[in-house]
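>>> model this:
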Amino acid sequence: MLNTELGPTGLPVVKGVHIEPFNAANQQRQKKPSASFNLTNTSTIMETKFRPIQWVVSDYLTEGFSVLAGRQKLGKTWLAIDWAIAVATGGYAMGSVRCEQGDVLYIDLENGQRRIQRRIDALFPDPRSRPDLSQLNWVTEAPMLDAGFIDALENWRSSVTAPRFVIIDVLQRIKPAGNPGRNSYENDYSIFAGLQKWATQKGICVLALHHTRKGGADDPLEALSGSNGLSACADATLVLDRDENGITLYVRGRDIEEKESALKFNSGIWNLVGDASAFKRTNERESILAALLDADEPMSPKDISIATAMSRNNIDQLLHKMSKAGELQKHGRGRYVHPGRADLIKGGSDAR
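The predicted model follows:
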């Protein structure tokens, strides 16, 4: 039997090897420290001078992560290009909203450079009148969100002098597959959280184009295709829609006052008309006047409701307001005529 030298702890001594006996107290001291919150007092927050929110398109787009959703072929890309050009040139978005000039990155993953060229030519048929678009750059290929997309954004940001605006057309093209262990809400929120964080920290507006689901919804934010995780993660959500009254743009966000605007679209050009509710009322009044103008006899509220396909309650309210404003005339009891129809007004009693 070999003689083995024992150390002071009673353990065998092996050349080149140091054996440390177990010590419960040492093990306890080496444990990772427990997590804790980084607290900030309310007074400190209230005394802090924060820089103003950076608007990209006043009242519609601010720094952070925003989503523009709408049905296919409604003109989302044309609207995004309108905003991109307005920012890149320091021009006017939608014909009337002045934008501060800055560098713009348009990530167009559905159209090639040929189609991009056609769109710019459609907006500026005469090259001599085309503005300087050198601050608007295009990308037609991009990695997925979980495969270097944000790193690529950071490289772009570092390469330009005044980074302000990034457009992703469309969001679905950079969305990676979700974790099967999570529900769709958890997946969507976690997938886009990194993009939202980058946009907020860097003070850049990232606008992602997205689709709305078929059938719509009572709440515009519920109309976005997929789960509610996307709209919950986004700093602002904009919904482009069309109904019998025309095209509207709805916006709601953390730093944006909720509003709905009426827009007009013609040959690639978007123009802001004004408040959607006021525009809707104007259209409804025009529908009533058109029905009265075509009538063969004075019309009752029920007749007008059928002719205009508007609700009876809405018709009653508008007829009262329009009669009071002199936009139409009462003829006898409970019937109305267009003020331009002298043939029907003649011989009738005005019951106002």
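>>> where do the strands sit along the stretch 1-150 of the chain?
Using DSSP state E, counting those that start in this stretch, the strands of the stretch 1-150 of the chain run over residues 55-57, 61-62, 64-70, 92-93, 97-98, 103-108, 136-139.
>>> I should have written the stretch 201-350 of the chain there, sorry.
Counting by DSSP E, counting those that start in this stretch, the strands of the stretch 201-350 of the chain are 205-211, 236-243, 246-253, 259-266, 269-275, 329-330, 336-337.
>>> who does the second one pair up with?
Partner strands and pairing direction for strand 236-243 (DSSP bridges) are strand 64-70 (parallel), strand 246-253 (antiparallel).
>>> Same check on the fourth one?
Counting by DSSP bridges, the strands paired with strand 259-266 are strand 246-253 (antiparallel), strand 269-275 (antiparallel).
>>> These: which one's closest to I288?
Nearest to I288 among the strands paired with strand 259-266 is strand 246-253; the distance by Cβ to Cβ comes to 16.5 Å. (Each C-beta comes from the backbone N, C-alpha and C, glycine too.)
>>> what does that closest one contact?
If you take Cβ atoms under 8 Å, 6 or more residues apart in numbering as the criterion, strand 246-253 is touched by 59-60, 62, 64, 66, 74-75, 79, 220-221, 234-242, 258-265, 273, 276, 279, 283.
>>> List only those of these flagged as buried.
60, 62, 64, 66, 74-75, 79, 220-221, 234-241, 260-263, 265, 273, 276, 279 (16 or more other Cβ atoms under 10 Å).
>>> What is the neighbour count of I85?
Neighbour count of I85, defined by other Cβ atoms under 10 Å: 23.
>>> surely it meets S134?
No: I85 is not in contact with S134 according to Cβ atoms under 8 Å; the separation is 11.9 Å.
>>> Y106 and A80, how far apart?
To A80, Y106 is 7 Å away according to Cβ to Cβ, to the nearest Å.
>>> who touches both of the two?
By Cβ under 8 Å, 6+ apart, Y106 and A80 have these common neighbours: 167, 169.
>>> Next, count neighbours for A193.
Neighbourhood size, A193 [other Cβ under 10 Å]: 13.
>>> Let me see the ranges of the helices in the stretch 201-350 of the chain.
Counting by DSSP state H, counting those that start in this stretch, the stretch 201-350 of the chain has helices at residues 229-233, 276-294, 301-308, 312-324, 342-345.
>>> Okay, buried residues for the last one please.
So the one you mean is helix 342-345. Buried positions in helix 342-345, judged by neighbour count with 16+ other Cβ under 10 Å: L344.
>>> where does this protein dip in pLDDT?
1-31, 216, 346-352 (pLDDT under 70).
>>> rerun at 90
Scanning the chain for pLDDT under 90 picks out 1-35, 72-73, 178, 213-227, 242-246, 267, 273-297, 307-335, 338-352.
>>> In contact with D255: list those residues for me.
Listed by Cβ under 8 Å, 6+ apart, the contact set of D255 reads 53, 62, 64, 235-236.
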